[in-house]
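Student: Prediction below, plus the sequence it came from.
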Amino acid sequence: MIASFLILGILACGGSNSGNADVASVDGAAIYKTNCVVCHGENGKLGVNGSKDLTASPLTMEDRIAIIKSGKGVMTAFGSLLTEEEIKAVAAYTFDL
């Protein structure tokens, strides 16, 4: 009986490898603080190198993702530096500044 519970527990914890845990575990705030704070600042309003005030930005999620991937002006393109999940997490985080 105990062995049955152990097997069920192992199966439940092992789960499938669908990648959902990876997406949920991406910390957009940490990625922002590592890559974006220098120009945008902790609160998104710093404006160094012509960076926009992220708290006043009318950009949609899709627009933010596109700019993070491709860059704009002097902003670095992060498409080859961050994963798709990381880019989405950073874009989502910018709405919370």
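Tutor: Looks like it arrived, so ask away.

Student: low-confidence ranges in the chain?
Tutor: Applying pLDDT under 70 to the chain flags residues 1-24.

Student: need the helices for it, in chain order.
Tutor: Under the criterion DSSP state H, the chain contains helices at 2-14, 20-24, 28-35, 37-40, 61-70, 84-94.

Student: Mind exporting the C-alpha coordinates of the shortest one to PDB?
Tutor: As requested, C-alpha coordinates have been extracted for helix 37-40 and formatted as PDB (Å, rounded to 0.1, in the frame of the first residue of the first chain):
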ATOM      1  CA  VAL A  37      17.200  49.200 -15.700                       C
ATOM      2  CA  VAL A  38      20.300  51.000 -17.100                       C
ATOM      3  CA  CYS A  39      18.200  53.000 -19.600                       C
ATOM      4  CA  HIS A  40      14.600  52.600 -18.400                       C
END
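
Student: got the contact list for it?
Tutor: 32, 46, 47, 48, 49, 51, 52, 54, 75 (C-beta atoms under 8 Å, 6 or more residues apart in numbering). To be clear about C-beta, it is placed using only N, CA and C from the backbone, and glycine gets the same treatment.

Student: what about the second one, distance to residue 73?
Tutor: Which is residue 46. Computed as C-beta to C-beta, to the nearest Å, the residue 46 to residue 73 distance reads 15 Å.
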